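Visitor: could you look at this predicted model? Sequence included:
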Amino acid sequence: HGVAAELLDPADAAARWPGIRFTGPAVRDPEGGVIDPEAAIAAMTRLAVTEGSAAAYEAPVRDLEPDGDGVRFRAGADTWYAWTLVVAAGAWTGPLLDGLVPLPPLTVTQQQVFFFAPREPGPWPTIVHGSSSEELEMYALPEGPWVKLGEHLRGTVTTADTRDFVVDPEARERALAYVREWLPGLDPEPRSETTCLYTRAPGEDFVLDRQGPIVVCSPCSGHGAKFAPLIGELVTDLLEGVPPIDRFALRPPS
C-alpha cells in the first residue's frame with residue numbers, strides 16, 4: 001500500500017529501545033506519532049466556530065424525533081430542528097438512535113488506563129503489542145512525562161449512563177505484570193490511573209452512513225480520534241449525498 005515501514009529483528013529493536021523487551025520481530029512505522037486529544041479538540045472546535053458554527057456546552061441531546069423531512073430534538077433546555085442531523089455521540093449513539101436507525105450491535109465497555117514513569121529520560125515510542133496465543137493486546141504511548149498503558153480488550157460491558165468509573169483491580173494487576181515483564185524501562189508502580197469508554201462495532205470498524213435526515217458517525221472501537229479530520233471529510237460527503245463506503249455502511253441487524 002505504499003506505507004513506509006521497517007521490520008526490525010529483536011536485537012536491533014532492543015538496541016533502539018532498551019526500555020522494551022523484545023522476543024520477536026518488530027514493525028516500525030517511521031511516520032507514527034501521538035495526538036494530544038484535548039489540544040486537537042480545542043483546535044478543531046475553534047476552527048469550526050471561526051467558520052460560522054456555534055458550540056453549545058452543558059446541553060445534553062435527547063428526544064430525537066423525525067419530523068417532516070428533518071429531525072426535531074432537544075439540546076439542554078432548547079428544542080431544535082435540523083434538515084440533516086449528524087449524530088457523533090460515542091457511547092450514547094445506541095440509546096439516542098434506538099428505533100430510528102438500524103444500527104449494528106454496539107457494545108460499550110469501560111476500559112482502564114495507567115500512567116508509569118520512565119526510569120531514564122528520553123523519548124518513548126507508541127507501542128502496539130498483540131499475541132493471539134497469549135490473549136495479549138496492549139498499547140502504550142508517551143503522554144507528558146509519563147507513559148500511558150492500557151488493554152485494548154477485556155473491558156467491562158456497561159453503558160454511558162451506568163459506568164462506575166472504578167478501576168478494575170484485576171486490570172491493574174495485569175498492567176503491572178505487563179510492565180514488569182515487557183517494559184523494564186518503566187517504574188512498575190503506576191503514578192495515576194483512570195477509566196474511559198470504548199464503543200465497539202462488529203469487526204472493530206467504523207459506522208459512517210446516512211439514513212434519511214440522520215447521519216450516523218460512530219468511529220468506533222478506540223480508533224476514531226486517530227482519523228478525526230478524515231472522518232469529518234467522510235461525514236461531509238454523506239451530508240452532500242455521496243454514498244457511504246461499503247465497509248462502514250449501516251446494515252440491518254441479522
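Guide: Looks like it arrived, so ask away.

Visitor: where in this protein is pLDDT low?
Guide: Applying pLDDT under 70 to the chain flags the ranges 132-134, 252-254.

Visitor: now the phi/psi pair for the residue nearest the centre of the chain, please.
Guide: Nearest to the geometric centre of the chain sits residue 222, at 2.6 Å (CA atoms, centre = their mean). Per-residue torsions, residue 222: phi 80, psi 0 (degrees, to the nearest 10).

Visitor: name the element the residue nearest to it when sequence neighbours are not counted belongs to?
Guide: Of all residues not flanking residue 222 in the chain, residue 198 sits nearest, at 5.0 Å (CB to CB, 6 or more residues apart in numbering). Placement of C-beta: from N, CA and C, glycine included. For residue 198, the host element (DSSP states H and E) is strand 192-200.

Visitor: over to residue 59?
Guide: Going by DSSP H and E, residue 59 is not in any helix or strand.

Visitor: over to residue 236?
Guide: helix 228-239.

Visitor: list the buried residues in that helix.
Guide: Residues 231, 234, 235, 237, 238 are the ones in helix 228-239 that count as buried (16 or more other CB atoms under 10 Å).

Visitor: tell me where the protein has strands.
Guide: Here the chain has its strands, by DSSP state E, at 6-8, 26-28, 61-67, 70-75, 78-82, 85-87, 107-116, 127-131, 136-143, 146-151, 156-157, 192-200, 207-211, 214-218.

Visitor: just the angle between the last one and strand 61-67, please?
Guide: Same thing as strand 214-218. Computed with axes from the mean of the first three to the mean of the last three CA atoms, to 10 degrees, the direction of strand 214-218 lies at 140 degrees from that of strand 61-67.

Visitor: could the strands of the chain be laid out in TSV, adding mean neighbour count?
Guide: As requested, the strands of the chain are exported to TSV (neighbours: other CB atoms under 10 Å):
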stretch	mean neighbour count
strand 6-8	12
strand 26-28	15
strand 61-67	13
strand 70-75	16
strand 78-82	12
strand 85-87	19
strand 107-116	21
strand 127-131	14
strand 136-143	17
strand 146-151	22
strand 156-157	12
strand 192-200	17
strand 207-211	21
strand 214-218	24
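
Visitor: now for those strands, which one comes closest to residue 38?
Guide: strand 136-143 (10.7 Å; CB to CB).

Visitor: what's that closest one packed up against?
Guide: strand 127-131, strand 146-151 (3 or more CB pairs under 8 Å, 6 or more residues apart in numbering; DSSP states H and E).

Visitor: among those, which comes closest to residue 172?
Guide: Among the helices and strands packed on strand 136-143, strand 146-151 comes nearest to residue 172, with 10.6 Å by CB to CB.
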